[in-house]
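Colleague: A predicted structure for the sequence below; I have some questions about it.
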Amino acid sequence: MIVADGDLVIVHGRFSGFGAPVNWIAADILRIKDGLLVEHWDVIEDEATRQQSKSGLPMFGDSFPVSTSTTERLAD
């Protein structure tokens with residue numbers, strides 16, 4: 001998801017498949033001036049599983065991702 005207001009842009013997304021044991025949820029906050037990126041901040045955290053979610057809702061999107069380790073345990 002990308003949201004912009006004036007010179008501020010926020011990009012919110014899920015990072016997966018990069019070798020970490022869990023997905024990351026990240027928000028990047030950018031300030032643009034004269035068409036150039038002049039400031040950047042980010043917040044990154046491990047994605048909560050269904051069991052860890054206090055609200056019972058996923059951190060990103062409409063559903064919890066299925067992890068390989070969960071799939072492998074279900075197949076046993």
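Modeller: It's in.
Colleague: ok now stretch 12-27, how far from the chain's centre?
Modeller: Centroid displacement of stretch 12-27 relative to its chain, using C-alpha atoms, centre = their mean, to the nearest Å, is 6 Å.
Colleague: Would you mark the buried spots in it?
Modeller: Of the residues in stretch 12-27, those buried by neighbour count under the rule 16 or more other C-beta atoms under 10 Å are 23, 24, 25, 26. Every residue, glycine included, has its C-beta placed from N, CA and C.
Colleague: now the strands for the protein?
Modeller: For the chain, the strands defined by DSSP state E occupy 2-5, 8-15, 24-33, 36-46.
Colleague: Just flag the most distant two among the buried residues of stretch 12-27.
Modeller: The span of the buried residues of stretch 12-27, defined through C-beta to C-beta, is set by 23 and 26 at 9.8 Å.
Colleague: residues bridging contact with these two, i.e. touching both?
Modeller: Common neighbours of residue 23 and residue 26, using C-beta atoms under 8 Å, 6 or more residues apart in numbering, are 14, 15.
Colleague: any weak-confidence spans in this structure?
Modeller: For the chain, the stretches flagged by pLDDT under 70 are 67-76.
Colleague: Next, find the distance separating residue 35 from residue 41.
Modeller: Counting by C-beta to C-beta, to the nearest Å, the gap from residue 35 to residue 41 is 19 Å.
Colleague: For residue 25, name its beta-bridge partners.
Modeller: Judged by DSSP bridges, the bridge partners of residue 25 are residue 14, residue 45.
Colleague: give me every residue that touches it.
Modeller: 12, 13, 14, 15, 44, 45, 46, 47, 59, 60.
Colleague: and the most centrally placed residue in the chain, how far is that from residue 6?
Modeller: Central residue of the chain (C-alpha atoms, centre = their mean): residue 25, 2.1 Å from the mean position. As for residue 25, its distance to residue 6 is 25 Å (criterion: C-beta to C-beta).
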